[in-house]
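Participant: just coords:
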């Protein structure tokens, strides 16, 4: 039986109680709004008087607004519906892809309200140059957001690499050629944090699907590199140092081809960009090679379909091990490979069915992300939004949990 | 960024604050006692007055006792040291092995104070017969504990099989031949819960190593079946339905030998009892075959050493995948195989070094459990002890977390 976490071991206080109750009220409005104060009271178990006092504070912080009297004709406060503000605090998300840069601003409801995406050849490009260009793009997006009354209070950048949970440094981003890279601590006056793109994609999937969606799943983020993220009990599972989810280097055939990581037979040697393009008889090329594979497969090209089927087998084998080990209730294929689901899924499902045998496993538990390659950028913006929602009683909600995205 | 768990979403209350602070004081005494009230105040951040009031309640519940005045000659309350009571509330642990039954009682400090272990041929034996015999053994152990002033308040039975986290039923225990087996809900008047032996062994390892030990590790529980348990942030990681840790059915060579589970090339086909005995040229036999292997290996029998080396390679390959996926800070070889560490570890270390390459990995991060095959029984008893320590303000601490051991 787990012992209390360090969080719970702090002495309880009146101030802590109020913060907790502010988050409780805001959470109810975020999940179920519009809600009247009476409905908030029912959903939270707090008295009407407590709810009214807490709503005043949330209103003052610009987090909640009233929609005005209900259309039934009744007037006065009891009928007024509370919703999250569509202006005020917001989250800035940024993304460094191997071949693009992207920026967006999400409001408290998680809606993307301003965004930009530009092609960029980032392979081997110095990090400071990349971050400078990203800053210029962000300036435009922030100006657009300001015009909408949105004020981002934090920035998170999605990076295709390992992020050290303690320091926030990029330990290794193979496809960018970054190693031990410390990114700037702020960008345009906002605190900046780096997050692993697979983790952020999984968080986007979690938050986008809402409270009714799966809370325990493995999210496979496949493209040139193959990563995964584990979501457990509605939280990102990060591992001891923030490196959890390196599915791409799980051994599939221990004596298989050498991998640049130094090992043999890693999943990336069967289902990564180079392996799939080679098996399909296509040259490695810049540009949108995932879209290219999808196009050829849709047109019926047999070598492309067979290459994708083989990749599906390898993905399914590695995932079967992951399912046996971490017992998720679902597996989600996300990232760019979500667009190849039609050709990857049958073999993935077959391997999972054949190898996950000591517990129940339904083929439908493997699904394709609706967010696909949009996930990491959206997740990056939502990290800040969720922090604001979870810590409404703090002037500066950001330092409370500082390492949740690496 | 993770959103608050459902626990944190309950309205905060005065009663909850007091319970939390009782646990805080009791935890400080458990980890660092003997402590004076002044020392408890320093460690917890609570005022002296609050500590005194809380200590009165803990004393009344029989959880804490005073050692009397310090030997320095000073008298009176301030110098009196508080320790956990060595009588009163305790935990009853039970174990169903394939070839033995065992029972023990642990006091609040986690010391085993009474125990019994008997050989028993449980393979294929009906569960009710097994549980009846276990009850008879427990009666004697409980009588011995009562003579010491110990009063177990809950019972947990370690079972070598999958336990459904929601219902507590044994979904499948291959080596016992149990499937969908619901165990009695109480035993000798105590609430009874079933727990997976690998999980309980890992919890024993966690609690036995104390607050300074690793809080994030993979615990491999190898014997006839091979299981694992993941401990994350000082808590057992159970997966969506309590089935996490099935390392034995992670594919090692996807096209390898058929496994009774229905898949091919599972770890158990390379490192389980049958595989190792066959590779060593020894007949499958009842009795302590692990001790037999250790004896032959110590005497220098080459086929036995080579069989264990091969098992070590397979264990290392499967664990490399696990490390890449869940990023533990350590891997602990526990269960009966801990006694074979000398012959298993070199190859295990080699595979981990070769395959865990995208992050730092030290060979010393793989260790051998000191508890070994004693782990599951001790863990079973400690579950109840930890619940009492974590919930000192409740008359009945047991229902608070009901599924932590499956």
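Facilitator: The structure has been received and is ready for your questions. Keep in mind that what you see is a predicted model, and the values were worked out from it rather than measured.
Participant: now residue A:325: closest residue in space that isn't a chain neighbour?
Facilitator: Excluding its sequence neighbours, the residue lying closest to residue A:325 (Cβ to Cβ, 6 or more residues apart in numbering or on different chains) is residue B:322, at 5.7 Å. C-betas here are computed from N, CA, C, even on glycine.
Participant: neighbours of the one you found, how many?
Facilitator: Under the neighbour criterion other Cβ atoms under 10 Å in any protein chain shown, residue B:322 is assigned a count of 27.
Participant: on the three-state scheme, it is what?
Facilitator: In three-state terms, and counting by DSSP: H, G, I helix; E, B strand; the rest coil, residue B:322 is helix.
Participant: isn't it up against residue B:247?
Facilitator: Yes - counting by Cβ atoms under 8 Å, residue B:322 does reach residue B:247; the two are 6.6 Å apart.
Participant: give me the common contacts of those two.
Facilitator: Overlap of the contact sets of residue B:322 and residue B:247 (by Cβ atoms under 8 Å, 6 or more residues apart in numbering or on different chains) consists of A:325, B:228.
Participant: circling back: tell me the pLDDT of the residue nearest to residue A:325.
Facilitator: With respect to pLDDT, residue B:322 scores 96.
Participant: any idea how far residue B:316 is from it?
Facilitator: 10 Å (Cβ to Cβ, to the nearest Å).
Participant: just residue A:183 next, same as before
Facilitator: When distance is defined by Cβ to Cβ, residue A:183 is 35 Å away from residue B:316.
Participant: of the two, which one has the most company?
Facilitator: Neighbours were counted for residue A:183 and for residue B:316 using other Cβ under 10 Å; residue B:316 has more, 29 against 22.
Participant: list the contacts of the nearest residue to that one once chain neighbours are set aside.
Facilitator: With sequence-adjacent residues excluded and distances taken as Cβ to Cβ, 6+ apart, residue B:316 is closest to residue B:351, at 2.7 Å. Counting by Cβ under 8 Å, 6+ apart, residue B:351 touches B:312, B:313, B:315, B:316, B:317, B:319, B:320.
Participant: repeat that for residue A:32.
Facilitator: The contact partners of residue A:32, taken as Cβ under 8 Å, 6+ apart, are A:39, A:43.
Participant: got the contact list for stretch A:199-213?
Facilitator: Outside of stretch A:199-213, the residues that reach it under the criterion Cβ under 8 Å, 6+ apart are A:31, A:110, A:156, A:158, A:215, A:217, A:219, A:221, A:229-231, A:234, A:236, A:238, A:245, A:332, A:334-335, A:369-371, A:374-380, A:382-383, A:386, A:405-406, B:1.
Participant: and the stretch 251-400 of chain A, which residues reach chain B?
Facilitator: Where the stretch 251-400 of chain A comes near chain B, counting by Cβ under 8 Å from any Cβ of the partner chain, the residues are A:251-254, A:261-264, A:266, A:317-318, A:320-322, A:324-329, A:354-359, A:383, A:386-387, A:389-390.
Participant: pull out the buried residues from the residues you listed.
Facilitator: Neighbour counting with 16 or more other Cβ atoms under 10 Å in any protein chain shown marks A:251-254, A:261, A:263-264, A:266, A:317-318, A:320-322, A:324-329, A:354-359, A:383, A:386-387, A:389-390 as buried within those.
Participant: tally of neighbours for residue A:219?
Facilitator: Residues near residue A:219, counting by other Cβ under 10 Å, number 30.
Participant: and it, bridged to which residues?
Facilitator: residue A:229, residue A:332 (DSSP bridges).
Participant: quick revisit: spell out the secondary structure type for the residue nearest to residue B:316.
Facilitator: For residue B:351, the secondary-structure state derived from three-state DSSP is helix.
Participant: ok, residue A:270 next?
Facilitator: The three-state label given to residue A:270 by three-state DSSP is helix.
Participant: which residue packs closest to it, ignoring adjacent ones?
Facilitator: Counting by Cβ to Cβ, 6+ apart, residue A:270 lies nearest to residue A:314, which is 3.3 Å off, once chain neighbours are set aside.
Participant: same thing with residue A:312?
Facilitator: Using Cβ to Cβ, 6+ apart, the nearest residue to residue A:312 is residue A:347, at 3.3 Å.
Participant: can you tell me the SS state at that neighbour?
Facilitator: For residue A:347, the secondary-structure state derived from three-state DSSP is helix.
Participant: sorry, back to before: gap between the residue nearest to residue B:316 and residue B:361?
Facilitator: Here residue B:351 is placed at a distance of 11 Å from residue B:361 (Cβ to Cβ).
Participant: quick one: contacts of stretch A:121-138?
Facilitator: Contacting residues not belonging to stretch A:121-138 are listed as A:92, A:94, A:96-103, A:116, A:118, A:120, A:155, A:157, A:170, A:175-178, A:181, A:183-184, A:187-188, A:286 [Cβ under 8 Å, 6+ apart].
Participant: of these, just the buried ones, PyMOL syntax please.
Facilitator: Per 16+ other Cβ under 10 Å, the buried members of the contacts of stretch A:121-138 correspond to this PyMOL selection:
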select buried, chain A and resi 92+94+96+97+98+100+101+102+103+120+155+157+170+175+176+177+178+181+183+187
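Participant: thinking again about what came up before, wait, the residue nearest to residue A:312 sits on residue A:309?
Facilitator: Yes - applying Cβ under 8 Å, one finds residue A:347 in contact with residue A:309, separated by 5.1 Å.
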